[in-house]
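> Please work out how this folds:
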Amino acid sequence: MPNTQRMGTTGYDLSFTKKAEDPSLAPPMPPRKVQVFTDQETMELKQMMREVLEEYGLKPTEQL
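Reported below is the predicted structural model:
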């Protein structure tokens, strides 16, 4: 385990062996699809939204 007793907070004591790369050369981070609701829950939410729109006399512009 390294000794951290003399570690500075200004960054002057930091040592890096690899030179910094140009950030424009780095590829973009690939997006990760995170599904919050299951397919069943998604269908239920869409149905509830349709019912609310109908209750207020509005028509959905497209079938969800």
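> And the strands in the protein?
Using DSSP state E, no strands are found in the chain.
> what about the helices in this protein?
39-55 (DSSP state H).
> So, low pLDDT: which residues of it?
1-18, 20, 60-64 (pLDDT under 70).
> give me that answer again for 50
Per-residue confidence of the chain (counting by pLDDT under 50) places the weak regions at 64.
> can you pull the buried residues of stretch 33-43?
By neighbour count, and taking 16 or more other C-beta atoms under 10 Å as the criterion, stretch 33-43 has no buried residues at all. (C-beta placed from N, C-alpha, C; glycine too.)
> Output that stretch in PDB with nothing but the alpha carbons.
Taking C-alpha atoms only, stretch 33-43 is exported to PDB below (Å, rounded to 0.1, in the frame of the first residue of the first chain):
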ATOM      1  CA  LYS A  33     -29.500   1.500 -23.200                       C
ATOM      2  CA  VAL A  34     -31.000   1.300 -19.800                       C
ATOM      3  CA  GLN A  35     -34.600   0.000 -19.600                       C
ATOM      4  CA  VAL A  36     -36.400   1.300 -16.500                       C
ATOM      5  CA  PHE A  37     -39.700  -0.400 -17.200                       C
ATOM      6  CA  THR A  38     -40.500  -3.900 -18.400                       C
ATOM      7  CA  ASP A  39     -42.300  -4.300 -21.700                       C
ATOM      8  CA  GLN A  40     -45.500  -5.000 -19.700                       C
ATOM      9  CA  GLU A  41     -45.200  -1.900 -17.600                       C
ATOM     10  CA  THR A  42     -44.500   0.200 -20.700                       C
ATOM     11  CA  MET A  43     -47.700  -1.000 -22.300                       C
END
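> I'd like the numbering to begin with 8 instead of 1 from here.
New numbering, starting at 8: the last item is stretch 40-50.
> Now tell me what touches it from outside.
The contact list for stretch 40-50, computed with C-beta atoms under 8 Å, 6 or more residues apart in numbering, reads L52.
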